[in-house]
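Participant: Model the following, please.
(chains A and B)
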Amino acid sequence: MELFDNLALGFSVALTFQNILYAFVGVLLGTLIGVLPGIGPVPTIAMLLPITYALPPVSALIMLAGIYYGAQYGGSTTAILVNLPGESSSVVTCIDGYQMARQGKAGKALSVAALGSFFAGTVATIVIAGFAPPLAEFALKFGPAEYFSLMVLGLIAAVVLASGSLVKAIAMIVLGLLLGIIGTDVNSGLQRYTFGVPEMSDGIGFVVVAMGLFGFAEIIVNLEHREHREVFTDNVSGLWLKWSEFKEVIPAILRGTAIGSTLGILPGGGAMLSAFAAYTVEKKLAKDPSRFGKGAIQGVAGPESANNAGAQTSFIPLLTLGIPSNAVMALMVGAMTIKGIQPGPQVMTSNPQLFWGLIASMWIGNCMLVVLNLPMIGLWVKLLKVPYRLLYPAILLFCCIGVYSLQNNVFDVLMTAVFGVLGWVFVKLECEPAPLLLGFILGPLMEENLRRALLLSRGDPTVFFTRPLSLGMLVVAGILILIIVLPAVRKTREEAFQEEAA
Amino acid sequence: MSMIRNPKEFGSGCLFAGFGLAAIAIGASYPVGTAARMGPGYFPRGLGLILIVLGAILIFKSLRSDGAPISVPSLKPIAIVLGSVVLFGLTVVPLGLVLSTILLILVASTASHEFRWKEAVIASLLAAAFVVAAFSWGLQLQLPTWPAFLMNRS
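Facilitator: Coordinates of the predicted model:
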């Protein structure tokens, strides 16, 4: 079995003493930062990225994956105990998890989240190992036209499935693409939008953008509101589930895993969509749907399993196609690029150690989550008690040092402040910043593929519609937009009619 | 102002259209080339045009449907938080990691409505000690620990 050979190779890479240590430290730090209220996986990864600079590529990615899982789980802990989702995918966990905490069942909610995540993580690892190779082989046949269309589809799917205004989201992507091409043009050597600043000739660092938009803006907005938090930390005992509860939870975990693994593969899918879908399914299937929203344990088990499975299978488009499907994956692309790896179908053949090592480390990371988090839950809970007035200056400090160490450059620190302003403006205008980051990462890639596709077709733009694969992807993207736009059209019409009637 | 019924949508429309215009204006000198031989100005100009169109759509929509006003409770947090970051950026090389860390923590702390002087001073000293231990010694970061003028004397 080739699959097992490959997995064995992966584990032989991931199971060295150093790599286990890095995975361990990654999960530990990820949870440590992720558990802090209001900090989701994106700023956590951006903040901790500098730690991995000195490591060899495989270890760095293993550590980053660990940070990601840790941050994700830390976010769930905060959601359950403080009712503060660190990111959109734990919004659902808040609903029933927080209610469970109010009923003194916080411990149970936390262990269900951990066990569900572990099971989902294990299944998702196998899904990745099984799906990635054939997909990567398929992707090797892609020409520039297919790649361009695939990126269009990926970007459109990412915004269509997200919440909020479609026009704003698409505009954010386009703005991201534009920011992404700042720097020296690879073909002509022309400095584009650098304003003659030598530090900008390599473009703006993606950590700078991510930290400014997600980290700084978040802190500023938090400070504008007087904090009001009710933390349920006294009742975090009784981690163990009763057998009757186990029986309730297992089907929810299985369903959540299946939903998450499937939706995660889709471009634009991933953790958030999976969690929402799983919650809806659990509520539909429940004998007594009225218990949902009042501390139903399935309402924690399903979405938590789904979001972890989805978080993990969203590595598939990244590893096989080189297309990040969400903001976290965009950060992973950035991290790989720093290490000199261009993610895409060729990684699997040219760098099998890295590819399979990363996959094996996903499982190790998940395993560590359970081992680490359940016994240490008391410690994480104590962290939640640290007041925000002490936390945010420290977070700022680490962001600044992290950004500086990127290139040992003060300019990057100042640039991050600029993106902090921009991020704050986006929050005020209700523009979701994640699509911008996706566009930012894909900007140069998209331009290059557009250029190549049109060069090969001698300037004929129909090339995107005459090649069947490319056409198929564009059609799907078009259908996705229509699905979103049509109900909106209907709704505004209805509103207009009502106004006329009134 | 009564024309604008959705300020957030109007504002974002202006923002995107502004970025689009700026992209085209600044990039006006970049050679566009032809579709078959795209110049460095081709892609950014296309993106700029799309941004202007999307911005115009948002502005148009903002006149037709209602939305909540933009809420800016106070400009103090953004000024202090980003000010402290800029301060850190400007001082870290000349003054070294220890002093710039203390400055950053002290200044940033004042943004909170629960600010206490004593606590902030203690926090800044602890942070400076931690940063030196973790980044200067642990990760061997390329940053001066102490102010340059003190180091020159020894």
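Participant: Alongside chain B, which residues does the stretch 401-502 of chain A contribute?
Facilitator: The stretch 401-502 of chain A comes close to chain B at residues A:401, A:404-405, A:408, A:410, A:413-414, A:416-417, A:420-421, A:424-425, A:428-431, A:446-447, A:450-451, A:454-455, A:457-461, A:492, A:495, as judged by CB under 8 Å from any CB of the partner chain. Every residue, glycine included, has its C-beta placed from N, CA and C.
Participant: element containing the most centrally placed residue in chain B, please.
Facilitator: Closest to where the C-alpha atoms of chain B average out (CA atoms, centre = their mean) is B:Leu82, at 7.1 Å. Using DSSP states H and E, B:Leu82 falls within helix B:76-109.
Participant: Pull the residues that contact stretch A:442-460.
Facilitator: A:143-145, A:147-148, A:151, A:154-155, A:176-181, A:186-187, A:203, A:322-324, A:461, A:463-464, B:34-38, B:42-43 (CB atoms under 8 Å, 6 or more residues apart in numbering or on different chains).
Participant: on that earlier part again, now do the nearest residue to the residue nearest to the centre of chain B once chain neighbours are set aside: how many residues are near it, please.
Facilitator: Distance criterion CB to CB, 6 or more residues apart in numbering or on different chains; nearest residue to B:Leu82, sequence neighbours excluded, is A:Ala417 at 4.6 Å. A:Ala417: 24 surrounding residues under other CB atoms under 10 Å in any protein chain shown.
Participant: picking up where we left off before, quick check: buried residues in the helix holding B:Leu82?
Facilitator: B:77-78, B:80-82, B:84-89, B:91-93, B:95-109 (16 or more other CB atoms under 10 Å in any protein chain shown).
Participant: For chain B, which residues score under the pLDDT cut-off?
Facilitator: Under the criterion pLDDT under 70, the flagged ranges of chain B are B:1-2, B:139-140, B:151-154.
Participant: So which elements touch the helix holding B:Leu82?
Facilitator: Packing partners of helix B:76-109 (3 or more CB pairs under 8 Å, 6 or more residues apart in numbering or on different chains; DSSP states H and E): helix A:217-224, helix A:388-407, helix A:410-428, helix B:117-131, helix B:148-153.
Participant: Spit out the contact partners of the residue nearest to B:Leu82.
Facilitator: So A:Ala417 contacts A:212, A:216, B:82, B:85-86, B:89 (CB under 8 Å, 6+ apart).
Participant: Name the nearest of those residues relative to B:Phe19.
Facilitator: Set against B:Phe19, the nearest of the contacts of A:Ala417 by CB to CB is A:Gly212 (15.7 Å).
Participant: Surely A:Leu383 and A:Leu36 touch.
Facilitator: Yes: A:Leu383 is within contact range of A:Leu36, at 6.8 Å (criterion: CB atoms under 8 Å).
Participant: which of the residues of the stretch 401-502 of chain A next to chain B are buried?
Facilitator: A:401, A:404-405, A:410, A:413-414, A:416-417, A:420, A:424-425, A:428-431, A:446-447, A:450-451, A:454, A:457.
Participant: that's a helix at B:Ala36, yeah?
Facilitator: No: applying DSSP: H, G, I helix; E, B strand; the rest coil, one finds B:Ala36 to be coil, outside a helix.
Participant: Next one, pLDDT for the residue nearest to it when sequence neighbours are not counted please.
Facilitator: Nearest residue to B:Ala36 in three dimensions, chain neighbours excluded: A:Gly459, at 3.1 Å (CB to CB, 6+ apart). Note for A:Gly459: predicted pLDDT of 81.
Participant: Just want the phi and psi numbers for A:Gly459.
Facilitator: For A:Gly459, the backbone dihedrals are phi 80, psi 10 (criterion: degrees, to the nearest 10).
Participant: just the one 4 residues further on next, same as before
Facilitator: Main-chain dihedrals, A:Val463, degrees, to the nearest 10: phi -60, psi -30.
Participant: Does it touch A:Ala145 like I think?
Facilitator: Yes: in this structure A:Val463 lies within contact range of A:Ala145 using CB under 8 Å: 5.0 Å.
Participant: which phi and psi does the residue in chain B that chain A sits nearest to have?
Facilitator: Using CB to the nearest CB, the closest approach of chain B to chain A is made by B:Ala36 at 3.1 Å. The phi/psi pair for B:Ala36 (degrees, to the nearest 10) reads phi -70, psi -30.
Participant: OK, contacts around it?
Facilitator: A:454-455, A:457-459.
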